[in-house]
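K.L.:
Task: produce atomic coordinates for the following.
(one chain, ligands or ions: 1)
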Amino acid sequence: MKRRDFIAGIGSGAALAACTPVEQQSTESTERFSWRMCTTWLPNFPGLGTGVNTLARYINELSAGRMQVQVYGAGELIPAFEVFDAVSQGSVEMGHGAAYYWRGKSEATQFFACIPFGMNAHEMNAWLYYGGGLELWREVYGRFNLYPFPAGNTGVQMGGWFNKPINSIADLRGLKMRIPGIGGEVLRRAGGTPVNLPLSEIFTALQTGSIDATEWVGPYNDLALGLNNAAQYYYYPGWQEPGPTLECMINLDAWNSLPEDLQAIVRIACQATNMDMISEFMARNANSLEQIRASGTDVRAFPNEVLAELKRLTFEVVEELAAEDPVVDKVWTSYRDFMQHARGWQLISEQAILNTTSL
Ligand code: CA
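P.N.:
Just a heads-up that it's a prediction; the model follows:
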C-alpha cells in the first residue's frame, strides 16, 4: 500500500473522522544510494564479521532498498588498518572497526572502544548515549571528516591463554604475550614483552611456544581458533578489554548527502546492531565456555594481587597520556567521571544481583 493510500485509509475511518488528515510531504526523497562499507574484520568472521553483515542488511531492509550497503572484509578492498583513512578521505563511504585501532591518529580514540579496567558494555552504552560520550566521539572524529556510531560490542573478554599458571605479578616477568594497545604497555611495565600478531599466526605461535600467552576475544571466538588446543590455562577476567564498543564510521560529506529519513535509518540500524551483537556474544560465549571446560582446560581467575598491580599500571599509563594531550584529557575526564558515577549504582544493582548466584 502506498503511503498516500494508507493515510487516506486512516482518514476515512469513522473513528478517526474528526482527525485532521496528514499532508503528504512532497519533499520525500526517492534518490537511491549505493555505499561501500570496509571493515577491519575477516569476511563473515563469527560475531564481528557476521554482525557487520547484519548492519548492512538492516539498512537495506529498513530503507526498502533505497540504500544498499555492500560489505568488504579486511583485505577485500583495502587492508584492515587502512579503513580509517579510506573513510576519512571518502574512498569508501562507511567503515566498521574498533576505535582503539586508531590511537596512532589520536590517543583519545581508544576511549570510545575501551581501556583496560574501564567501563563494560552496559556502562559504555550509557556513557555514549546518555552521558555525553557520543558527542565527544563526534568532536574527536569530526577533525578527520568522520561521523561515528556505536555499532557492536563483544562484552567483557577473557584475560587470555597461558602456558603456565600466573600466581603472582612476578610470573608476568619475561612473559611474551600477544596483547595490543594500552594492555600491552601495561604488560611491558609489569616486566613482560607484548607482541602483536595477525590472527592467522596466533594459534601456531602459542602452540609452538614462540609466545607464552595470548589474549584474543572470549570463549566463542577463542574456541573457533582452537586455542584450547594450544595452551592449558584460560584466565579471567579480561582486564584489558572489559567491553569494547565497535564502531560504524561514516565519511562526513557522505553522511551530509543523505536525506533525513535515511540518516534516521542508519542511526537506528547501528543501534539495533549494537544490541544484536552483544546479545549474540552473551549466548554463544556461554555455550562455548562449557565446551572449553569439557575439553580439559584449566579456567582460572587472576589473583587479586595481580589485578591490583595491572590496574595501578593502567591508570599510570592513562594519566600520562592525558597529561600530554588536552584532547585525551577532555575525553578521559568525561569517561572517568561517568564511570565513577555508574559504578556507585552498578555495585548495588547488577553486581548485587550477580552476587546472589552463589547463595
Ligand atoms: Ca582482545
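
K.L.:
C-alpha from now on. contacts and neighbour counts both.
P.N.:
OK.

K.L.:
Run through the stretch 151-300 of the chain and note the low-pLDDT ranges.
P.N.:
For the stretch 151-300 of the chain, no stretch has pLDDT under 70.

K.L.:
Could you pick out the residues of it near the ion for me?
P.N.:
Neighbours of the ion within the stretch 151-300 of the chain, by CA under 5 Å from the ion: 216-217.

K.L.:
where do the strands sit along the stretch 151-300 of the chain?
P.N.:
For the stretch 151-300 of the chain, the strands defined by DSSP state E, counting those that start in this stretch cover 160-162, 176-178, 193-195, 213-214, 233-236, 245-251, 298-301.

K.L.:
tell me the mean pLDDT over the helix or strand where Glu139 lies?
P.N.:
Element membership of Glu139 [criterion: DSSP states H and E] is helix 133-142. Computed over helix 133-142, the mean pLDDT rounds to 98.

K.L.:
In the protein, where's the longest helix?
P.N.:
Secondary structure of the chain per DSSP state H: the longest helix is helix 260-294.

K.L.:
Mind listing what's buried along it?
P.N.:
By neighbour count on 16 or more other CA atoms under 10 Å, the buried set for helix 260-294 is 262, 265-282, 285, 288-289, 291-292.

K.L.:
Stretch 311-327 too?
P.N.:
Buried residues in stretch 311-327, counted by 16+ other CA under 10 Å: 311, 313-315, 317-318, 321-322, 327.

K.L.:
Helices - which of the residues you listed land there?
P.N.:
Mapping the buried residues of stretch 311-327 onto helices (DSSP H) picks out 311, 313-315, 317-318, 321-322, 327.

K.L.:
still on that earlier bit, convert the helix holding Glu139 to CSV, retaining C-alpha atoms only.
P.N.:
What follows is helix 133-142, C-alpha atoms only, in CSV (Å, rounded to 0.1, in the frame of the first residue of the first chain):
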residue,chain,number,x,y,z
GLY,A,133,30.3,10.3,25.2
LEU,A,134,28.9,10.2,21.7
GLU,A,135,29.1,14.0,21.4
LEU,A,136,32.8,13.8,22.4
TRP,A,137,33.4,11.0,19.9
ARG,A,138,31.9,13.1,17.1
GLU,A,139,34.1,16.0,18.2
VAL,A,140,37.2,13.9,18.0
TYR,A,141,36.3,12.1,14.7
GLY,A,142,35.0,15.3,13.2
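
K.L.:
Can you name every helix or strand that it contacts?
P.N.:
In this structure, helix 133-142 makes packing contacts with helix 121-130, strand 146-153, helix 326-348, judged by 3 or more CA pairs under 8 Å, 6 or more residues apart in numbering; DSSP states H and E.

K.L.:
what's the spacing between Ala231 and Trp332?
P.N.:
36 Å (CA to CA, to the nearest Å).

K.L.:
Can you name the residues that contact the residue in the stretch 51-200 of the chain positioned nearest to the ion?
P.N.:
Using CA to the ion, the single residue of the stretch 51-200 of the chain nearest to the ion is Gln157, 6.4 Å away. Gln157 makes contact with 216-218, 237-239, 241-243 under the criterion CA atoms under 8 Å, 6 or more residues apart in numbering.

K.L.:
coming back round to it: quick one: closest of the strands of the stretch 151-300 of the chain to Gln207.
P.N.:
strand 213-214 (9.6 Å; CA to CA).

K.L.:
So which of the buried residues of stretch 311-327 is the closest to Phe162?
P.N.:
Of all the buried residues of stretch 311-327, the one with the least separation from Phe162 (CA to CA) is Lys311, at 19.5 Å.

K.L.:
The residue nearest to that closest one when sequence neighbours are not counted and Leu128: what is the separation?
P.N.:
Nearest non-adjacent residue to Lys311, counting by CA to CA, 6 or more residues apart in numbering: Phe117, 6.4 Å away. For Phe117, the distance to Leu128 (CA to CA) stands at 17 Å.

K.L.:
and what of Cys38?
P.N.:
23 Å.

K.L.:
what do you get for Arg189?
P.N.:
From Arg189 across to Leu128, the span is 30 Å (CA to CA).

K.L.:
Using CSV, lay out the contacts of Gln157 together with neighbour count.
P.N.:
CSV is the format used below for the contacts of Gln157 (neighbours: other CA atoms under 10 Å):
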residue, neighbour count
Trp216, 21
Val217, 19
Gly218, 26
Pro237, 19
Gly238, 22
Trp239, 22
Glu241, 27
Pro242, 24
Gly243, 26
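
K.L.:
quick one on the thing from earlier: who touches the helix holding Glu139?
P.N.:
Contacts of helix 133-142 (CA under 8 Å, 6+ apart): 108-109, 112, 127-128, 146-149, 252, 327, 331, 334-335.

K.L.:
For stretch 40-53, buried residues please.
P.N.:
For stretch 40-53, by 16+ other CA under 10 Å, it's 40-43, 47-49, 51-53.

K.L.:
Take the residues you listed and keep only those in helices.
P.N.:
49, 51-53.

K.L.:
I'd like those as a markdown table, with distance to Ala64 appended.
P.N.:
Formatted as a markdown table, those follow (distance: CA to CA, whole Å):
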| residue | distance to Ala64 |
| --- | --- |
| Gly49 | 23 |
| Gly51 | 20 |
| Val52 | 18 |
| Asn53 | 16 |
